[in-house]
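K.L.:
Fold the following.
(chains A and B)
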Amino acid sequence: MTDASLPNTAGAPKSGSLHEVDARTKKRNAAEKRFRMYGVAAIATGIIFLLVLLFAILSNGLGAFQQTFISVPVYLDEAKLDKKGNRNIDDIKKVSTFGYNPLIQKAVLKAVEDAGIETPLKKSKNMKALISASAAAQVRQAVIDNPALIGQTVEFRFLASSRVDGYLKGRVHRELLARDKNIDAEHLDIVDGLKEVGVVKKSFNPAFIFGADASESRAEQAGIGVSMIGSLFMMLVVLFLALPIGVAASIYLEEFAPKNRWTDLIEVNISNLAAVPSIVFGILGLAVFIQFMHLPQSAPLVGGLVLTLMTLPTIIISTRASLKAVPPSIRDAALGVGASKMQSVFHHVLPLAAPGILTGTIIGLAQALGETAPLLLIGMVGYIASNPPGGVVEGLMSPNSAMPAQIYEWAKRADPAYYERAWGGIIILLIFLVSMNTLAVLLRRRFERRW
Amino acid sequence: MPLFWLFASVLAIAVVGFVFGRQRALSSAGGDVRSLHSLPNYYGWNVFMKATVPAFGLIAVWLIAQPLVFQNSIAGMIPASEIKEGSNIGLVMAEVRRTATGIENAVAAGVISPALATDVSADSVAVTALLKDAGQVVTSEISQSLLNAAQAFRSMNATGNLFMTALALVVSLAAGGFAAMQCTKDYKARNAVERGILMLLIAAASVAILTTIGIVLSLVFNTIEFFRLYPALDFFFSPEWAPSFSGRGGSSKLGILPLLWGTLYISIIALIVAVPIGLFAAVYLSEYATPRIRSIAKPMLEILAGIPTIVYGLFALLTIGPMLVSVFGQDGLGWMGGGRAVMTAGIAMGIMLIPFVSSLSDDIINAVPQAMRDGSYGLGATQSETIKQVVIPAALPGIVGAVLLAASRAIGETMIVVMGAGAAARLSLNPFEAMTTVTAKIVSQLTGDSDFASPEALVAFALGITLFVLTLALNVLALFIVRKYREQYE
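P.N.:
Got it, this is the predicted structure:
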């Protein structure tokens, strides 16, 4: 029995035509369109954020890979560098960098005069603002390496001071010079002139990638190389500790663990550790490794230990997933031909799960490489990582920095020239992360198996 | 004997044991592998395992215990007068350790003769001078009692190390020998080795528990120490944070409330940025997007999650901050004093959290059964009506869980706030003002300070435990909600 047979009491429908959309449907369709737009807008916003971020990194950081150099011939005056004239290396070593500065400044002044630049700065001392403070050490090293150079005129390629570099890169503006003690507008006129004759030139600066950090006043000299080595040693510690421990723990939990309280406790612990803020691991490292076990502060070994504990949950979770993906039939077949449980796991399941484990490990390492907060607490910032370590033991035990810690250190410094280096450091860090993640994706694609 | 050689000799014993055990088992079976219980290598591994594991365990325990035991007896040697005003026993002990290593290195370099190094009546001034000659880091003057303590510490360490070496070698030989004696053809070597491996696996799995215990203990002990020096009530309820580094204790005001407020405020702004964007993105990706768009947009959003936080910190400090200042600063609306502000850090953190919210919500929305959507379409609902009135309500508990997880991330985030939020602790409602957070203060109280005795340094541990409890509670709550929701549909 339906209502259809009843007489129509409600009256005829208000809109008769199927070709005309009524107001309510229009409203609903508009709402539908609006809602869809919100979704598109959200995704677009996210992607725009990503693009802005990448643009900021690239536009600010690419400059760090280029540096301004001043190439001038320097006359290595025998009267200044080797007064006795006997070329005795010990006598030559006695001349400190202060003895070299006048020679370099004179050489720059000569280059200015040769270029025919009109300038009120007639004294060679005035040239000090143009060149990096590292120039004297560079010449001194060259002379000590080869004392035969004394008395000759040798062409050197000096780093320009960070202000000159900033001027060429558009960071230092003439309008703001009034407040700057380090450089005047006249200096910039000289720079413009020298640039025209090709004495001042911007070119690729490998020292930024491979060099050591420099003191606060020599931004032009600072490089990320030494802290890269610090990061490398930390990653080695993480790899050699986190991978075996993580895999062993996952094998136990996935293959052997009985369902009991202890297993539950371990599982709860792992999932909680995965969510503990990284700074708490830093506190743990400080209290246990440095305060309690008296391991050296700022050592990559301690950093590596802390990062190991931090990445362990990541590696365990991904390893368990890949162990779980190996079908039970493999295990059953092994057991069926008489293997023990241990043999079936180590001879059959583990090799089949290896690509997945590797992928998870690489992703965990990438995470550890970018982590900064715990490193601040165990003292991997605040000093200048100036010398690359000599060997493995020294690399692990002697103080060093790490890439992200070095970037943080640069960002803290007052000189804006260091900001550019911080962005540049981020480019290098991201190159490492991107290649690690790409490797992980490729491995997964290459070895992924559907059972 | 240096540690390296000790390890090497234990390993050498084990390798010899491996060969011997394997040989012995084979010969007991008359060279016929078939009559052995296990494969020959298992006999070898059995010896290897028993020769190494107990010895290495002993070395590890000894290395951790020895300094603790000696420290206590040395600490008794130092007269109370030696502990200067404003110093404490811990600092003096650090000095003793440093001097002892200094003497050790100087002897190795040949600057100090072994006889002088152990001479109790050695003149402390002369030894100090010699140590400086050897390039060792020592304080300007070593007092006589400190020197004697250092000498005692050094000789105790030497005897301790000797004992450890001897004991480790004996243990290795004894256990290895015992295992080698076991190697007859009926011995179940494989079972023994597999039991051993299982033990190692269990030990590896327990590292997670050890880590948690380590975190809790290091936080709790130092926090108790802190509360001895500073009243707990003031810490939790005082609205003022003003640590003083000039005076020693007493004058600092260490109230957590302004820090908690800063943390909360920044996290709220981050969630206001991340939740709508992340949620709408997730809805679009799971309900509307074609597979092609999804395969492009989803990984792009997830790149944001793979970027290290230091990058977001720098982005906040050098890009977002100046951008906000140009709109809200002195030249614009005049609300903002400097680039570092709650808003700066909040926006950067929000960007970081977008992929977190979107991928978690995406999973949850995908888990809503298709039948529910079909039912809604069957009743004539449009797609957006279905999403708003069927899918979202069904997925709500999971989404709430995702938001809570994101909140816990935001509270624990360090680098962005250290670089973007400023250092001033204040209770204010203006989002364009600089404020600071719990994590930022942990960093600033603990960096560059090796003295953990003052309340100004110890407060970081109390802050740490607050942070730990807070994030843990949020995580447990989130997981509870998510798990409960999952049970409904599976």
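
K.L.:
Point me to the residue of the stretch 351-451 of chain A nearest chain B.
P.N.:
Nearest to chain B in the stretch 351-451 of chain A, going by C-beta to the nearest C-beta, is A:Gly370, at a distance of 2.8 Å. The C-beta positions use only the backbone N, C-alpha and C, and glycine is treated the same way.

K.L.:
hang on, that residue packs against A:Val434?
P.N.:
No. Counting by C-beta atoms under 8 Å, A:Val434 is not a contact partner of A:Gly370; they are 11.4 Å apart.

K.L.:
Residue numbers of the stretch 51-200 of chain A in contact with chain B?
P.N.:
Within the stretch 51-200 of chain A, the positions near chain B by C-beta under 8 Å from any C-beta of the partner chain are A:52-53, A:56-57, A:60.

K.L.:
out of those, which are buried?
P.N.:
Listed as buried from those are A:53, A:56-57, A:60; burial here means 16 or more other C-beta atoms under 10 Å in any protein chain shown.

K.L.:
name the element A:Glu155 belongs to?
P.N.:
For A:Glu155, the element it lies in under DSSP states H and E is strand A:153-159.

K.L.:
can you list contacts of the helix or strand immediately after that strand in the chain?
P.N.:
Using DSSP H and E, the helix or strand that directly follows strand A:153-159 along the chain is helix A:162-168. Contact with helix A:162-168 is made by A:67-68, A:70, A:129-130, A:132, A:159-160, A:172, A:180, A:182-183, A:187-188, A:191, A:195, A:200, A:202, A:218-220, A:415-417, as judged by C-beta atoms under 8 Å, 6 or more residues apart in numbering or on different chains.

K.L.:
just checking, which of those belong to helices?
P.N.:
Taking DSSP state H, the ones among these that sit in helices are A:187-188, A:191, A:195, A:417.

K.L.:
So for the lengthiest strand in chain A, mean pLDDT?
P.N.:
Using DSSP state E, we find that the single longest strand of chain A is strand A:66-75. Mean pLDDT, computed over strand A:66-75, is 86.

K.L.:
gap between that strand and the chain center?
P.N.:
The chain centre lies 29 Å from the centre of strand A:66-75; the measure is C-alpha atoms, centre = their mean, to the nearest Å.

K.L.:
Likewise for stretch A:358-377?
P.N.:
How far stretch A:358-377 lies from its chain's middle: 12 Å, per C-alpha atoms, centre = their mean.

K.L.:
Surely B:Asn46 and B:Ala192 touch.
P.N.:
Yes. At 5.2 Å, B:Asn46 and B:Ala192 qualify as touching, with contact defined as C-beta under 8 Å.

K.L.:
Can you pick out the residue with more neighbours from these two?
P.N.:
Taking other C-beta atoms under 10 Å in any protein chain shown, B:Asn46 and B:Ala192 do not tie; B:Asn46 has more neighbours (29 against 19).

K.L.:
Quick check: which element contains the more buried one?
P.N.:
helix B:40-77.

K.L.:
What residues sit buried inside that helix?
P.N.:
The neighbour-count check on helix B:40-77 (16+ other C-beta under 10 Å) flags B:40-56, B:58-59, B:62, B:66-67, B:70-71, B:74 as buried.

K.L.:
What of stretch A:56-76?
P.N.:
The neighbour-count check on stretch A:56-76 (16+ other C-beta under 10 Å) flags A:56-57, A:60-61, A:63-70, A:72, A:74, A:76 as buried.

K.L.:
go on, stretch B:100-110?
P.N.:
Residues of stretch B:100-110 classed as buried: B:100-107 (neighbour count, 16+ other C-beta under 10 Å).

K.L.:
can you check stretch B:344-363 too?
P.N.:
Using 16+ other C-beta under 10 Å as the burial criterion, the residues of stretch B:344-363 that qualify are B:344-362.

K.L.:
Which ones, among these, also lie beside chain A?
P.N.:
B:351, B:354-355, B:358.

K.L.:
Among the residues you listed, name the ones in helices.
P.N.:
If you go by DSSP H, these have B:351, B:354-355, B:358 in helices.

K.L.:
Columns pLDDT and distance to B:Leu458 on top of these, output as TSV?
P.N.:
Formatted as TSV, those follow (pLDDT from 0 to 100; distance: C-beta to C-beta, whole Å):
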residue	pLDDT	distance to B:Leu458
B:Ile351	94	35
B:Ile354	94	37
B:Pro355	93	37
B:Ser358	93	40
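
K.L.:
residues in contact with A:Pro147?
P.N.:
By C-beta under 8 Å, 6+ apart, the contact set of A:Pro147 is A:82, A:87, A:89, A:92.

K.L.:
give me that answer again for 7 Å
P.N.:
Applying C-beta atoms under 7 Å, 6 or more residues apart in numbering or on different chains to A:Pro147 gives the contacts A:87, A:89, A:92.

K.L.:
Buried subset of those residues, written for ChimeraX?
P.N.:
Buried residues within the contacts of A:Pro147, by 16+ other C-beta under 10 Å, are selected in ChimeraX with:
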select /A:92
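
K.L.:
how near is A:Ile43 to chain B?
P.N.:
To chain B, A:Ile43 is 5 Å away according to C-beta to the nearest C-beta, to the nearest Å.

K.L.:
Okay, buried residues for the helix or strand containing that residue please.
P.N.:
Using DSSP H and E, the element containing A:Ile43 is helix A:23-61. Buried residues in helix A:23-61, counting neighbours by 16+ other C-beta under 10 Å, are found at A:28, A:35-36, A:38-43, A:45-47, A:49-50, A:53, A:56-57, A:60-61.

K.L.:
now the residue of the stretch 151-300 of chain A found nearest chain B, nearest residue through space, not along the chain?
P.N.:
In the stretch 151-300 of chain A, the residue that lies nearest chain B is A:Pro277 (2.6 Å; C-beta to the nearest C-beta). Distances taken as C-beta to C-beta, 6 or more residues apart in numbering or on different chains place B:Gly412 nearest to A:Pro277, at 2.6 Å, with adjacent residues excluded.

K.L.:
Neighbours of that neighbour, how many?
P.N.:
For B:Gly412, using other C-beta under 10 Å, the count is 25.

K.L.:
quick one on the thing from earlier: wait, isn't the residue of the stretch 151-300 of chain A closest to chain B in contact with B:Met415?
P.N.:
No. The pair A:Pro277 and B:Met415 fails to qualify as a contact (C-beta atoms under 7 Å) at a distance of 11.2 Å.

K.L.:
Quick check on these two: which one has the bigger neighbour count.
P.N.:
The neighbour comparison of A:Pro277 against B:Met415 (other C-beta under 10 Å) goes to B:Met415, with 30 against 25.
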